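Asker: Got a sequence here, can you build the structure:
(one chain, ligands or ions: 2)
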Amino acid sequence: MPERPHRPDATDATDATDATDATDATGTADAAGSESGEAERTVRTVTVLGSGSWGTTFAKILADAGRDVRMWARRPEVASEIAEQHTNSGYLPGVTLPDNLTATSDAATALDGADAVVLAVPSQSLRANLGHWRELLPAGTILVSLAKGVELGTRKRMSEVIGEVAGVPEDSVVVVAGPNLAKEIAAGQPAAGVFACGDHERAVAVQEAAFTSYFRPYTNTDVVGSELAGACKNVIALSCGIAAGLGFGANTVATLITRGLAETARLGAKLGADPMTFAGLAGVGDMVATCASPLSRNRTFGERIGRGETIEQAQEAVGGQVAEGVMSCRSIRDLAHESGVDMPITDAMFRVCHEGSDPATVGAELLGRQQKPERL
Ligand SMILES: NC(=O)c1ccc[n+]([C@@H]2O[C@H](COP(=O)([O-])OP(=O)(O)OC[C@H]3O[C@@H](n4cnc5c(N)ncnc54)[C@H](O)[C@@H]3O)[C@@H](O)[C@H]2O)c1
Ligand SMILES: O=P(O)(O)OC[C@H](O)CO
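Answerer: Ligands and ions are numbered 1, 2, ... in the order given. The predicted structure follows:
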């Protein structure tokens, strides 16, 4: 099996196709690149729409990988800070952004001629935001989704929303998933992600564009599983935070992670996902990172609730950033009910976040459910 050649950061984008082979650690052809080892499309210029924690970090990855990156920020002062001072101090304090990353608050300027467009706004605002951008999207551009959520009301996954609003096949959207706490990656700590797309060539093109010395992207073709895994783990992270806030330790958190993954996989299997996806980076990888880390906004939110704070106080604790699980516990619960899938932890989080139920009481009820074999 050929070894992957080392690729230094800030590679000239024109060299990128020479620098990455198609073999992953397990040697499976599916995990990286085309059979020849070269991407058949090259992404040189990328626009990132949304300049919060993950949008800015993902833009930094792309710029460090040698791409020309333009960010769009909703607030002009954030765009100016990124463009002129190469920082985004509100979201990533202490991080210096590369020179080949610029920013504007004008979407038309940001989008002009982009080979790929990364959608980096919260799930519940994606439809409205994309509606404004739809006419500005360059023809043939690759759409990439960073959002981890299920839309309220429609119960659609983000690639479904994007396909519908942008008028493109949903399986042409590249979905980014995996254990990717933004602040760690922005600090250059090693991590891997998974880029899921029904069109493998597109996933490989984005994989090439986001491969650096500290971030290793894999690909897969299971969009349903990758998106559901990313959305569901935010809800389970709320429950782990609540457990911590109530004073419980590692056993309780590990139980919630494991049973949370079981209910996520149950939903995924019902909706056509590959069960193995839940054993990968998008599944167990993201579940463990988010549920265990104090950097997770969802876990932090839950911890505050477990300590007795109100929803409003918990929201303040995450500094105005999005804790997707709070809305997704409702949409995923609705999706599960509609699909006839039992998701008791998600149900419990819905009752705490939206019906005012007491976290300790809900936790006791979860423990006291009818006994059954582990696999169910
Ligand atoms: N932060 C992470 O570590 C991380 C990692 C992986 C995935 N994600 C996912 O990426 C998506 C974006 O997360 P983020 O961390 O960048 O979020 P964030 O809260 O840090 O930033 C959101 C960005 O979207 C913009 N925005 C545009 N329209 C908005 C609206 N109507 N409401 C709120 N914000 C709006 C905000 O101005 C901001 O720039 C989420 O779905 C999240 O789950 C986040
Ligand atoms: O900070 P959170 O809870 O939104 O989680 C961030 C990422 O999704 C972790 O992969």
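
Asker: what's the distance between residue 47 and ligand 2?
Answerer: According to C-beta to the nearest ligand atom, to the nearest Å, residue 47 and ligand 2 sit 21 Å apart. C-beta here means a position set from N, CA and C on the backbone, and glycine is covered the same way.

Asker: and that residue, that one's in a helix?
Answerer: No - read with DSSP: H, G, I helix; E, B strand; the rest coil, residue 47 is strand and lies in no helix.

Asker: Now the element after the longest helix seen in the chain, going C-ward?
Answerer: With secondary structure taken from DSSP state H, the chain has its longest helix at helix 223-245. Using DSSP states H and E, the helix or strand that directly follows helix 223-245 along the chain is helix 250-270.

Asker: give me every residue that touches residue 365.
Answerer: Taking C-beta atoms under 8 Å, 6 or more residues apart in numbering, we find residue 365 in contact with residue 348.

Asker: Would you check that residue 331 makes contact with residue 158?
Answerer: No - with contact defined as C-beta atoms under 8 Å, residue 331 does not count as touching residue 158 (11.3 Å).

Asker: Residues in contact with both of the two, list them for me.
Answerer: 149, 151.

Asker: Show the average pLDDT along the longest helix of the chain.
Answerer: Taken as a whole, helix 223-245 carries a mean pLDDT of 98.

Asker: again, but for stretch 129-145
Answerer: 98.

Asker: what comes up buried for it?
Answerer: 129, 130, 133, 136, 137, 141, 142, 143, 144, 145 (16 or more other C-beta atoms under 10 Å).

Asker: Stretch 317-336 too?
Answerer: 318, 321-336.

Asker: which ones among those residues are found in helices?
Answerer: 325, 326, 327, 328, 329, 330, 331, 332, 333, 334, 335, 336.

Asker: count of neighbours near the nearest residue to the fifth one once chain neighbours are set aside?
Answerer: Leaving aside its sequence neighbours, residue 329 sits nearest to residue 349 (C-beta to C-beta, 6 or more residues apart in numbering; 4.0 Å). For residue 349, the tally of surrounding residues (other C-beta atoms under 10 Å) stands at 32.

Asker: just for the protein, where's the confidence low?
Answerer: Flagging of the chain using pLDDT under 70 yields the residue ranges 1-39, 376.

Asker: In it, what residue comes closest to ligand 1?
Answerer: Closest residue of the chain to ligand 1, C-beta to the nearest ligand atom: residue 52 (1.7 Å).

Asker: Was I right to think residue 349 contacts residue 234?
Answerer: No - with contact defined as C-beta under 8 Å, residue 349 and residue 234 do not form a contacting pair (9.6 Å).

Asker: Name the residues of the stretch 201-350 of the chain found near ligand 2, please.
Answerer: Within the stretch 201-350 of the chain, the positions near ligand 2 by C-beta under 6 Å from any ligand atom are 234, 237, 286, 289, 290, 296, 297, 298, 324.

Asker: Need the residues touching each of residue 349 and residue 234.
Answerer: Residues within reach of residue 349 and of residue 234 at once, by C-beta under 8 Å, 6+ apart, are residue 325.

Asker: name the element residue 176 belongs to?
Answerer: Residue 176 belongs to strand 174-177, assigned by DSSP H and E.

Asker: residues in contact with residue 132?
Answerer: With C-beta under 8 Å, 6+ apart, residue 132 has these contacts: residue 107.

Asker: do that again at 10 Å, thanks
Answerer: Contact analysis of residue 132 by C-beta atoms under 10 Å, 6 or more residues apart in numbering lists 49, 107, 165.

Asker: count of neighbours near the second one?
Answerer: In this case it means residue 107. Residue 107 has 18 nearby residues by other C-beta under 10 Å.

Asker: cool, the last one as well?
Answerer: By the measure other C-beta under 10 Å, the count of residues near residue 165 is 17.

Asker: Contact partners for it?
Answerer: 126, 127, 128, 129, 130, 131, 132, 133, 134.

Asker: Turn these into JSON lines, columns for secondary structure and distance to residue 211.
Answerer: Formatted as JSON lines, the contacts of residue 165 follow (DSSP: H, G, I helix; E, B strand; the rest coil; distance: C-beta to C-beta, whole Å):
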{"residue": "126", "secondary structure": "helix", "distance to residue 211": "26"}
{"residue": "127", "secondary structure": "helix", "distance to residue 211": "31"}
{"residue": "128", "secondary structure": "helix", "distance to residue 211": "32"}
{"residue": "129", "secondary structure": "helix", "distance to residue 211": "28"}
{"residue": "130", "secondary structure": "helix", "distance to residue 211": "27"}
{"residue": "131", "secondary structure": "helix", "distance to residue 211": "32"}
{"residue": "132", "secondary structure": "helix", "distance to residue 211": "31"}
{"residue": "133", "secondary structure": "helix", "distance to residue 211": "26"}
{"residue": "134", "secondary structure": "helix", "distance to residue 211": "29"}
